[in-house]
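Enquirer: Output the structure for:
(one chain, ligands or ions: 1)
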Amino acid sequence: MGNESTSAVVVTGGASGIGRASAVALAARGRPVALWDLDPDRAAGAADEITRVHGVPAVGLGIDVTDSSRFAEALERSRSVVGTVGGLVHAAGTVVAQPVGELDEAGWDFVMAVNLRAFPLLVQALLPDLMSSSGAAVVGISSIEGWIGNAAIPAYCASKAGLLGAVRSMAERFGPDGIRVNAVCPGYVETPMLAPALGVPDVRGRFEASSPLGRIGQPSEIGEPVAFLLSGAASFITGQALIVDGGVLAVD
Ligand code: NAD
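Expert: Predicted structure coming up:
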């Protein structure tokens, strides 16, 4: 097994759901984490808990990933607590329900800016650190909706499919530098983002029935594969999209 990395990981959206679970899984493997999230208080609270439970340095910062002008300063502040950054998880995400026919430009651009545009810009900002870290790797959180359509949320689906293109392109660009780039595509996972949908009658049952496992996933079931992809155990995996959906896409 090559290049086991012990360097710090920046986790966007790290205050909640899948981002937070990824940070916990990484911390359990001894990786310091910097949580960059819109919500500074929840990010700081999550970081404190991670340090208390797992004994690794952690910091939580209030950062809007649509504002790349903040990334350099955020990296500097993070580095002062967690050291050189050898990994990234881009889990910050948003959804706007606007079917084509009811689209406006602001809604489309907002979803693209958070889910897609931020990802390569984050990698670009972290590049000097990633380049100098042995076993560096990044993971973007896509979705099963990067593979299938959803009439209600076309911008979300396009952003998640687009992320896979960015992953493959950056895998080619940075492979020679030893930096691996992958995506994880979750299915239905019990997080605050899914809560409004789960509140609609019958939706929970429909989501559960769509999986051969007969249930919705828990955030830790995504965090663990994310931590694996950032570890030396995944040293020959790059440019890939790992579907972690309880088998939803595998069956009709
Ligand atoms: P969540 O709402 O629990 O967490 C999302 C986090 O991102 C929040 O803490 C939020 O503050 C943060 N965030 C949102 N916009 C941001 C911005 N502009 N800058 C910085 N932080 C921002 O949701 P989640 O379900 O954990 O979602 C995490 C990722 O997983 C998203 O990319 C989402 O699209 C993806 N995903 C979720 C599911 C699911 O079923 N929950 C399925 C597939 C993919």
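Enquirer: With adjacent residues omitted, what lies nearest to the residue positioned nearest the centre of the chain?
Expert: Residue closest to the mean C-alpha point of the chain, counted by Cα atoms, centre = their mean, is residue 91 at 2.5 Å. Nearest residue to residue 91, sequence neighbours excluded (Cβ to Cβ, 6 or more residues apart in numbering): residue 19, at 3.3 Å. From N, CA and C alone the C-beta is placed, and that goes for glycine too.
Enquirer: hang on, residue 83 packs against residue 32?
Expert: Yes: counting by Cβ atoms under 8 Å, residue 32 is a contact partner of residue 83 at 6.2 Å.
Enquirer: Spit out the contact partners of the residue nearest to the centre of the chain.
Expert: By Cβ atoms under 8 Å, 6 or more residues apart in numbering, residue 91 lies in contact with 11-14, 17-19, 22, 141.
Enquirer: Out of the residues you listed, just show me the ones up against the ligand, please.
Expert: The subset of those within reach of the ligand, by Cβ under 6 Å from any ligand atom, is 12-13, 17-19, 141.
Enquirer: Does anything pack onto the helix-or-strand element of the chain with minimal mean pLDDT? Which helices or strands?
Expert: Ranked by mean pLDDT, DSSP states H and E, the weakest helix or strand in the chain is helix 195-198, scoring a mean of 93. Packing partners of helix 195-198 (3 or more Cβ pairs under 8 Å, 6 or more residues apart in numbering; DSSP states H and E): helix 203-209.
Enquirer: can you dump the C-alpha coordinates of the following helix or strand past the helix it packs on into PDB?
Expert: The helix or strand immediately downstream of helix 203-209 is helix 220-229, counting by DSSP states H and E. Provided in PDB are the C-alpha atoms of helix 220-229 (Å, rounded to 0.1, in the frame of the first residue of the first chain):
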ATOM      1  CA  SER A 220     -21.200   7.900   8.000                       C
ATOM      2  CA  GLU A 221     -21.900   5.400   5.200                       C
ATOM      3  CA  ILE A 222     -20.700   8.100   2.700                       C
ATOM      4  CA  GLY A 223     -18.000   9.500   5.000                       C
ATOM      5  CA  GLU A 224     -16.200   6.100   5.200                       C
ATOM      6  CA  PRO A 225     -15.800   5.700   1.400                       C
ATOM      7  CA  VAL A 226     -14.700   9.300   1.200                       C
ATOM      8  CA  ALA A 227     -12.000   8.700   3.800                       C
ATOM      9  CA  PHE A 228     -11.000   5.500   1.900                       C
ATOM     10  CA  LEU A 229     -10.500   7.400  -1.300                       C
END
